[in-house]
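In: need the 3D shape of this:
(3 chains)
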Amino acid sequence: MTASGPDPVAEQIAGRLRTLPLVDHHVHGCWLVDGSRGRFENALNEADTDPLPDWDSAFDTQLGFAIRARCAPLLDLPAHAEPDAYWQRRTELGESEVARRLLPAAGVGAWLVDTGFQGETCTPHELASVGGGNARVVLRLEVLAEQALAAGGHYRTTFAELLEAETVRHQAVGFKTVIAYRTGFAIDWSQPTPAAVDEAARRWAGVGGRLLDPLLLCFGIRTALALQARRGGLPLQFHVGFGDRDEDLHRTDPLLLLPLLRDPLATNASIALLHCYPYERQAGYLAQAFSGVHLDVGLAINYLGGRSRSLIARSLELAPFRKLLYSSDAFGPAELHYLGADLWREGTAAALASLVSDGHWSVADAQRVADLIASTNARRLYQL
Amino acid sequence: MTASGPDPVAEQIAGRLRTLPLVDHHVHGCWLVDGSRGRFENALNEADTDPLPDWDSAFDTQLGFAIRARCAPLLDLPAHAEPDAYWQRRTELGESEVARRLLPAAGVGAWLVDTGFQGETCTPHELASVGGGNARVVLRLEVLAEQALAAGGHYRTTFAELLEAETVRHQAVGFKTVIAYRTGFAIDWSQPTPAAVDEAARRWAGVGGRLLDPLLLCFGIRTALALQARRGGLPLQFHVGFGDRDEDLHRTDPLLLLPLLRDPLATNASIALLHCYPYERQAGYLAQAFSGVHLDVGLAINYLGGRSRSLIARSLELAPFRKLLYSSDAFGPAELHYLGADLWREGTAAALASLVSDGHWSVADAQRVADLIASTNARRLYQL
Amino acid sequence: MTASGPDPVAEQIAGRLRTLPLVDHHVHGCWLVDGSRGRFENALNEADTDPLPDWDSAFDTQLGFAIRARCAPLLDLPAHAEPDAYWQRRTELGESEVARRLLPAAGVGAWLVDTGFQGETCTPHELASVGGGNARVVLRLEVLAEQALAAGGHYRTTFAELLEAETVRHQAVGFKTVIAYRTGFAIDWSQPTPAAVDEAARRWAGVGGRLLDPLLLCFGIRTALALQARRGGLPLQFHVGFGDRDEDLHRTDPLLLLPLLRDPLATNASIALLHCYPYERQAGYLAQAFSGVHLDVGLAINYLGGRSRSLIARSLELAPFRKLLYSSDAFGPAELHYLGADLWREGTAAALASLVSDGHWSVADAQRVADLIASTNARRLYQL
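Out: Modelled structure (predicted):
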C-alpha cells in the first residue's frame, strides 16, 4: 500500500474513524498515582500472574511494541522509543500526567466501568474527569454474590435485594460475570430449585472467599437476567476467552453457553460477549443465532498490537453489524485506554477500506458500520 | 492493489474463474413463487430461527451487503442499492423473474440437490430448467430413516430397502446426513448389533418425529456407507459446522468423526464435509489424513460475503487440491445460488493470484487447481 | 505489491532474513540412500498412513507446489517443474547429491535432532556433515520408557537411570514427548504415587509394545521435568497438533496441558510446544501465561507452503517474542529440511515487513525479532 501512494478512499475512511467518539463499553479505572516499573511491566502481561524471568522483557511483545510506536509520541518521545527511555519519560511526567495526555486522546464519550476489581486504579468519576465524556457503572455479579454470602441471612433474598439496591445506588447500566474464571462455561445451566440454592449457599458459607460453586454462579446470572427482563436495559457482560491463566481457556468457548442461551430466560436477553479471542468466530455465530447476543474483541486488540487488524477483520464475519461493540478492557496504565481506541480505529479503518476497495461495500456502508460499532450499538444496548 | 493499477496475472486468473462452469455439489431448490419481505429477510439469517427484533435488519450483515453489491445490478439497480429499493425492485420483478436472472448467472453446469427439506422451494428439475445445466438428487438419510420408522415393519430391512429403492428411483448421486443437527458427532460410532438396532427402532417407534437416537443415526450412516462400498459412487455428505442454532456447534467439529473414519468401513469411503466453518482447518487435516475425505466451505462463503476470501484461502492449506469442492448450499432466494458462485469465483481468483504473484505457484498451477475445485473433483467423486 | 514495485524496507528485511543462520530446534535425519518414488511421495503426506489412491497425487498439495517452485532450481530445473521431471532429475542426482545441494542451502547453524524415530534417515553426525553446522541430540521419552519396560527390573529406577545415562552419553540438549500420539493431553496429570507407577509398570510389562498407559507416560514426563530442574537446560518438547491420523487431533489442543502447567514442577519449566497447527493461537496464549513455555509452527510451515505466511503471522500474536522458535521437523527428503527454512525466512520477512510498513514496528524491531526467533531464543533455551 505504502509503496503505491495513499488510497484516497482508505484515507477518507481512516480520517472519519480517527475522530469518531467511542463508547468504551467495558473498561476499568486507570492509575493516577505513581508506581514501580515492576507494576507497569506486569500490567503488560494479561495471562501470567508471576513476575517475568530475568531473560524476558514485557516490552518484547506486540503490546510493548505498540506502546513504543503509538504512545511514545504523546509523551514527547519519538515513535519506537526504547523501553528504558520510555520508562524514564513516563516517570518524569508521573502517572497522573501520563493519564492526562493519553485518556482524552482515546476520544471516548462514555466509559462503562466494571468496578468489580479496582486495585490501585481510579474511580469511574475520576476516569471521566481526566479522560472526558461520562462514566457509568457496570456491576460485577460475583462480587455482589460474595458480599451477600458474607452478610449471612437468607441468601436468595439477600442477593436479589443487594443486586437491585446496588443497581439503583450506582445507576448501573449493566452487569458483568466472570464465571469464565470460576468454573468455565461447561456447567449445568438449568434453573436451580430454591431449595438447591439455599443448600448451596449454606454449604458455601462454610467455605467462603472466592465463589466457585457453579450452582450459585448460575443462580447469580439467572437473577441478573430476570432483573433485566423486569427493568429493561441492564445487559449482561460475559468475560469470554483470553484472560489470566487461572481460567481454563478451553472452557470459555462461548459455544458452551448454548444451553443457557436456549433457555427462554436468555434467548432474547441482552448479552455482551467480551474479548472472545481465540473464539471470536464462535462468538460471531452466537451473535447471528440469538437476537440479544453482542460481542467485542477488546483486550485482545491491545495484546495483538500490530496484528489486531486481522482479528478486527475476523469479527466482521457472521456477527450482524448491529451486534458489534467497542471496548478496551483497559486496567491500570492509561496506555491501555488509549491504545485500545487507537488500534481499534486504525484496524477497523483498514478492514473497512479493504472491503470498500474490493467492491464489497460502499463508502457509505463503511461509514455507517463504523458509527454502529463505535457508539450507536452500545447506546441502544445500554440505553445511554 | 487498486491504487497501483490492475495486475495482469491477477486479471488473467480472475477472467478464467469468471467463466468456469461449476458443479454445485450441495444445493437446495430456489423459490419461484412470490413471498413476503419477512420470508426473504429470514432467509438471510442461517442461525437464528426467530424473527429479528425491530431494531435489527437482516440487510446489516455481510450477506446483506453482498446482495446489495452484487445482485442489485442484475436486477437493473445500481450496486449497493438501499434495502428498501432492493426489496421493491425484487417485488416488481417477482420471484420467478429474479430466479431467471440470477440462476443462469451462477454459471452452474450441474446442481446436486439435497431434497431432504423443501419448504416452498422448487424441484431439482425446475432448478435446472431455470438455471441451466443438469440437476441430480442427493438423498437425506434421516428423512428416509423417519419414513422407514413410520412405516413400521422390520426396521433394518425396511430402511435398507428404502435407501436402495430411493437411490434407484431418483438416480441419486449421493447421500447426505444431518446428524450434526441431531446428536452432533460425539457419539458411539461402532457397529451396532442387529439386536441393538431392532431394540432402538422399537423404542423410537413409541417416540416418533425427528429422529434423535444416536444408534439409529449411526446405523443409517453405516448402511449408506455399505451401499456405497457395494455400488460405487454415492459419496456421503456430512453437514459440518455453521448452521442453525438447534445444533451444538462445538459438537460438529469434524475431528469428532475420527472414530468413524478409522473404521475400515469408512477409512477409504467417499465422504464430503460440507461448510465446515469455523472448523475448515480441521476439515483440511482430515482431507489429508483420509484418502476419501473431501470438503467445501460453502454456505459460509455467502454468510461471510466480503470476508469470504480469507476463508477460501484458508481452505487451501492442508487439504490436497483434489479433495476440494464447490457448493453454495443455497436454499430459497436465488440470490444465494448466484452469490455462492460469484463470491467463490472472486475469492478463489484472489487467493490463487496471490499465490502466483508471491512466486509460490505458476499461472498454470492456478488454472488447473481452479478447474479441479470448480468441477473436476466433483465429477470424479459423484461419477457425473 | 509486485505491481507497485519493490518496497525497499521489505527488501531490506527480506535480505537480512535470507542470510540469518538458524537453529532448527526440532528436526530428524534426512535420506542419503536412494529410494522409490513411492517412498518420496509418501513422505509428502504427514497425516495419511496409507498409500494414496490412483486418482490422487502427493504433488497436488501446497507442499508439492512448494517443492516444484523452490527446490527445483537447486536441482538445475526451472521453478514450477512438472512432477515427473522433478522426480527424474532427483533420481539422476541421487538422494545423497540432493541432500548435498539442499541441506547447506537451509543455512542452519545447529540441528537439534530427535533420534526417537529413524527409519532410513541419517544420523545427527551425518546431517551436520552434509548440511553444515553442528548437530545435537534430543531424546524421545517414550522410546526410553519402552526400553526400560522391556529391560525388566524395577521400572522407576531403571527409567530414571536410563534417562540420565542417555542424556550424558548423547550429551543431549533436551527431551521430546509424543504423548500427543499415545493418549492425547486430556489425562490425569497429577503426580502418581510410587506404588501406582510400580503397579502400572507391572501391568504394562504383560502388554508390551508401544506405550499407551497414561500414568506411565505422565511419570516419564514428570521424571524428565525433575531432571531438568536438577540439571538445568534440557527443555521438554511436546508434539502438539498436526501429525498423522493415529492421534486424536482435538485431544492435542495445548490448553489441555493446563493442569500440568499449573503444577509447581512445570510452572516455570522450560517447555517447547512443537508445530501447534491449528492451535497456534492457544499455544501463543500459553507462552504468555507461563514463563517457560515456548513454541514454533514448524512442520505446518512446510505443509502450508504458499499459505504458511499467514500462519507465521498468527504466531506473532500473544506469544512474547522471546518465546518463539524455528523448526522444520523435517524427516526424510532433504527438500523438507530446506523448505522449512526457506519458507520460514520468506514468510517471516513478509510478516515483519508488513508490521513495519504499517508503522507498528521499527526496522530495528523487525531485525531484532528475526534474530530472536532464528537462533537467539533457542541458544538461550537449549544452552547452546
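In: all helices for the stretch 1-150 of chain A, in order.
Out: A:8-19, A:37-42, A:62-66, A:83-93, A:95-105, A:124-131, A:141-151 (DSSP state H, counting those that start in this stretch).
In: tell me how far the residue of the stretch 251-384 of chain A found nearest chain C lies from chain B.
Out: As assessed by Cβ to the nearest Cβ, chain C sits closest to residue A:306 within the stretch 251-384 of chain A, at 2.9 Å. Placement of C-beta: from N, CA and C, glycine included. Using Cβ to the nearest Cβ, to the nearest Å, one gets 18 Å for the distance from residue A:306 to chain B.
In: can you read off the pLDDT for that residue?
Out: pLDDT recorded at residue A:306 is 98.
In: near it, how many other residues are there?
Out: By other Cβ atoms under 10 Å in any protein chain shown, 28 other residues sit near residue A:306.
In: can you verify my assumption that it contacts residue A:64?
Out: No: taking contacts as Cβ atoms under 8 Å, residue A:306 lies outside contact range of residue A:64: 11.1 Å.
In: and of the helices of the stretch 1-150 of chain A, who's closest to residue B:336?
Out: helix A:8-19 (28.8 Å; Cβ to Cβ).
In: ok, that closest one near chain C or not?
Out: No: against chain C, helix A:8-19 shows no contacts by Cβ under 8 Å from any Cβ of the partner chain, the least distance being 11.8 Å.
In: which strands and helices sit next to that helix?
Out: helix A:334-357, helix A:363-371 (3 or more Cβ pairs under 8 Å, 6 or more residues apart in numbering or on different chains; DSSP states H and E).
In: if we can go back for a sec, just to be sure, the residue of the stretch 251-384 of chain A closest to chain C is in a helix?
Out: Yes: the assignment for residue A:306 by DSSP: H, G, I helix; E, B strand; the rest coil puts it in a helix.
In: for it, give me its contacts.
Out: With contact taken as Cβ atoms under 8 Å, 6 or more residues apart in numbering or on different chains, residue A:306 is in contact with A:62, A:65-66, A:69, C:355, C:358, C:360-361.
In: skipping its backbone neighbours, what lies nearest it in space?
Out: Closest residue to residue A:306 apart from its sequence neighbours, by Cβ to Cβ, 6 or more residues apart in numbering or on different chains: residue C:360 at 2.9 Å.
In: burial of the one you found, as a residue count?
Out: 25.
In: wait, doesn't it sit right on residue A:308?
Out: No: using Cβ under 8 Å, residue C:360 is not in contact with residue A:308; the gap is 9.3 Å.
In: tell me the average confidence for whichever strand or helix holds residue A:200?
Out: Residue A:200 is part of helix A:194-205 when elements are defined by DSSP states H and E. In this model, helix A:194-205 has a mean pLDDT of 96.
In: that helix vs helix A:141-151, what angle?
Out: 80 degrees (axes from the mean of the first three to the mean of the last three Cα atoms, to 10 degrees).
In: contact partners for the residue of chain A found nearest chain B?
Out: Closest residue of chain A to chain B, Cβ to the nearest Cβ: residue A:360 (2.9 Å). For residue A:360, the contact set (Cβ under 8 Å, 6+ apart) comprises B:62, B:65-66, B:69, B:305-306.
In: rerun that using 7 Å as the cut-off
Out: B:65-66, B:69, B:305-306 (Cβ atoms under 7 Å, 6 or more residues apart in numbering or on different chains).
In: mind listing what's buried in stretch A:350-359?
Out: Using 16 or more other Cβ atoms under 10 Å in any protein chain shown as the test for burial, stretch A:350-359 gives A:350-358.
In: give me phi/psi at residue A:298?
Out: With angles defined as degrees, to the nearest 10, residue A:298 sits at phi -60, psi 170.
In: for the one 4 residues further on, same thing?
Out: Main-chain dihedrals, residue A:302, degrees, to the nearest 10: phi -60, psi -40.
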